[in-house]
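Q: can't give you the sequence, but here's the structure:
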Ligand SMILES: NC(=O)c1ccc[n+]([C@@H]2O[C@H](COP(=O)([O-])OP(=O)(O)OC[C@H]3O[C@@H](n4cnc5c(N)ncnc54)[C@H](OP(=O)(O)O)[C@@H]3O)[C@@H](O)[C@H]2O)c1
């Protein structure tokens, strides 16, 4: 598969690097040509602009701070722009001070990105910190870890499922894009727990006990 990566930071590095190692062709696109070139050279892949990454291959990953997203998408051309109809993976988290969502209680970041671009957006890879995406393989004592996905386009979801499996995780489609705001809020909640030293798993009794 060919994947454009918009951004050259930690998530671009981790996900782009792992997908490149798994045999995919990656184009890193950032506002800093030097940083894009450094990632490309280290992974044996291509470097380019944000626009080139948005248009590259089968899927693009949006790996920018949430507060930069609207401006970058506008520069790519809203609605009829470079991302229209493209598969766009949104891993962003709009988490501000106090681990609160800066998107408030509305439809959420992924929905807004889909509306702004006309892209086939899949929300994914936002719920874990970047060091975990580097693990190869991601082996944990409690077994495989699921990666929740939200999206409205079945073909797009299937493509992202492949990319999840290529990292050694298990894809778990949890609903349409209307559920992405819940995934975004859940992630903000998880980050708050982790940062305050609490294990979110202590909130969860065995599955059988709640489904009996
Ligand atoms: N890191 C994590 O553990 C993690 C986990 C899950 C989700 N996320 C989410 O993933 C997204 C990316 O996180 P990250 O950790 O990769 O961030 P990061 O390391 O800070 O990298 C951000 C990237 O965005 C670029 N950027 C910032 N403002 C820009 C602008 N106005 N125009 C163009 N490019 C701009 C930066 O370019 P420069 O290098 O030129 O500044 C950099 O390449 C965020 O929304 C974050 O919440 C992060």
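A: Received, thanks. Being a predicted model, the structure only gives us computed values, none of them experimental.

Q: looking at this protein, which helix is longest?
A: helix 180-195 (DSSP state H).

Q: ok, which stretches of this protein are strands?
A: Assignment of strands within the chain using DSSP state E yields the ranges 2-6, 25-29, 46-48, 59-62, 87-90, 95-96, 100-101, 120-123, 146-151, 170-175.

Q: run the chain-centre distance for the longest helix of the chain.
A: Here the centre of helix 180-195 is set off from its chain's centre by 14 Å, with Cα atoms, centre = their mean, to the nearest Å.

Q: and for stretch 203-212?
A: Worked out by Cα atoms, centre = their mean, stretch 203-212 lies 28 Å from the chain centre.

Q: show me the contacts for the most centrally placed residue in the chain.
A: With distances taken as Cα atoms, centre = their mean, the residue of the chain nearest its centroid is residue 91 (2.2 Å). Applying Cβ atoms under 8 Å, 6 or more residues apart in numbering to residue 91 gives the contacts 11, 15, 61-63, 123-126. Placement of C-beta: from N, CA and C, glycine included.

Q: thinking again about what came up before, what about the longest helix of the chain, near the ligand?
A: No. Judged by Cβ under 6 Å from any ligand atom, helix 180-195 stays clear of the ligand, getting no closer than 7.5 Å.

Q: between strand 146-151 and that helix, find me the angle.
A: Relative orientation of helix 180-195 versus strand 146-151 (axes from the mean of the first three to the mean of the last three Cα atoms, to 10 degrees): 150 degrees.

Q: what sits closest to residue 144 if chain neighbours are left out?
A: Leaving aside its sequence neighbours, residue 144 sits nearest to residue 170 (Cβ to Cβ, 6 or more residues apart in numbering; 4.7 Å).

Q: likewise residue 163?
A: residue 19 (6.5 Å).

Q: tell me who's in contact with the one you found.
A: By Cβ under 8 Å, 6+ apart, the contact list for residue 19 reads 1, 3, 26, 163, 166-167.

Q: between the residues you listed, which is closest to the ligand?
A: Within the set of these, residue 167 lies nearest the ligand; the separation is 13.2 Å, counting by Cβ to the nearest ligand atom.

Q: nice, that's everything, thank you.
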